[in-house]
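K.L.:
here's my sequence, what's the structure:
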Amino acid sequence: MEQLRSPTGSWPALAKKIRGIKSATLTTEIGEGIIHSRPLATLKTDEAGVLWFFLKFSFSTAQEIADGAAVRLAYVSGDNRTFVSVTGTAALVEDAAKAKALWEPTLNGWFPEGVEDPDIALLRVDVVKAEYWNAPLKRMTPLFGAPDPEIEWDFQAEPEFHIAYIPGLNPKYQPAPHDLLAV
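P.N.:
Next up, the predicted model:
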């Protein structure tokens with residue numbers, strides 16, 4: 001299978017960044033601009049640019065995900081200072097063969113009836129865009145997918161820092177005129 005590529009990177013680069021991070025925080029919109037987040041264990045990243053998770057149809061998460069709903073996944077590993085944000089489209093999938101291929105014994109705690117549990121739903125997230133925290137540059141950096149058109153990604157420039165002066169917070173700090181905010 002040909003490697004999935006995007007204007008800013010490749011699927012293997014994203015898969016490598018999130019490898020070893022056991023769970024992601026999945027964020028969905030539950031209506032009227034209200035968002036809901038919860039942790040989910042990532043089961044598989046496949047070569048087609050898809051992330052797979054198990055859910056229960058009876059979970060509120062399954063109710064919140066309409067076919068093609070936009071979702072955000074946040075992967076964080078403090079051990080190696082990895083922070084990855086993934087945006088994609090979600091779909092609930094009923095596929096017994098895929099469920100069996102993805103099944104792990106640790107899932108028995110969530111699904112006591114095993115892979116045959118009638119409440120099992122597969123959550124498929126097709127990755128649209130991913131970015132990661134680039135510590136040396138001190139900014140989010142595109143990893144996969146087209147970058148936001150509103151953002152100019154200048155990889156050669158030094159990062160900008162903006163300092164807000166709060167009177168009394170640090171009496172030893174004497175702000176330069178450009179550090180003061182007019183409110």
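K.L.:
quick one: contacts for the residue sitting nearest the centre point of the chain?
P.N.:
A centroid search over the chain (CA atoms, centre = their mean) returns residue 73, at 2.4 Å, as the residue closest to the centre. Going by CB atoms under 8 Å, 6 or more residues apart in numbering, residue 73 touches 24-27, 51, 85-88, 125. (Glycine included, C-beta is placed from N, CA and C.)
K.L.:
and if you look at residue 40?
P.N.:
For residue 40, the residues meeting the contact criterion (CB under 8 Å, 6+ apart) are 23-26, 53, 55, 61, 123.
K.L.:
for the residues you listed, give me CSV that also has neighbour count.
P.N.:
Compiled in CSV, those are given as follows (neighbours: other CB atoms under 10 Å):
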residue, neighbour count
23, 15
24, 23
25, 14
26, 25
53, 21
55, 19
61, 22
123, 21
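K.L.:
where is pLDDT lowest across those?
P.N.:
Taken together, the contacts of residue 40 show their lowest pLDDT at residue 61, with 82.
K.L.:
got the contacts of residue 73 as CSV, with distance to residue 100 columns?
P.N.:
Formatted as CSV, those follow (distance: CB to CB, whole Å):
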residue, distance to residue 100
24, 23
25, 27
26, 23
27, 29
51, 18
85, 31
86, 25
87, 29
88, 24
125, 20
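K.L.:
sorry, back to before: now intersect the contacts of residue 40 with the strands, please.
P.N.:
Judged by DSSP state E, these include 23-26, 53, 55, 123 as members of strands.
K.L.:
need the max-distance pair from those.
P.N.:
Among the ones in strands among the contacts of residue 40, the pair separated by the greatest distance (CB to CB) is 25 and 55, at 14.4 Å.
K.L.:
doesn't residue 62 make contact with residue 56?
P.N.:
Yes - in this structure, residue 56 sits in contact with residue 62. The criterion is CB atoms under 8 Å, and the distance is 6.7 Å.
K.L.:
quickly note the distance from the residue nearest to residue 106 when sequence neighbours are not counted to residue 59.
P.N.:
Leaving aside its chain neighbours, residue 106 sits nearest to residue 41 (8.0 Å; criterion: CB to CB, 6 or more residues apart in numbering). Taking CB to CB, to the nearest Å as the measure, residue 41 and residue 59 are separated by 14 Å.
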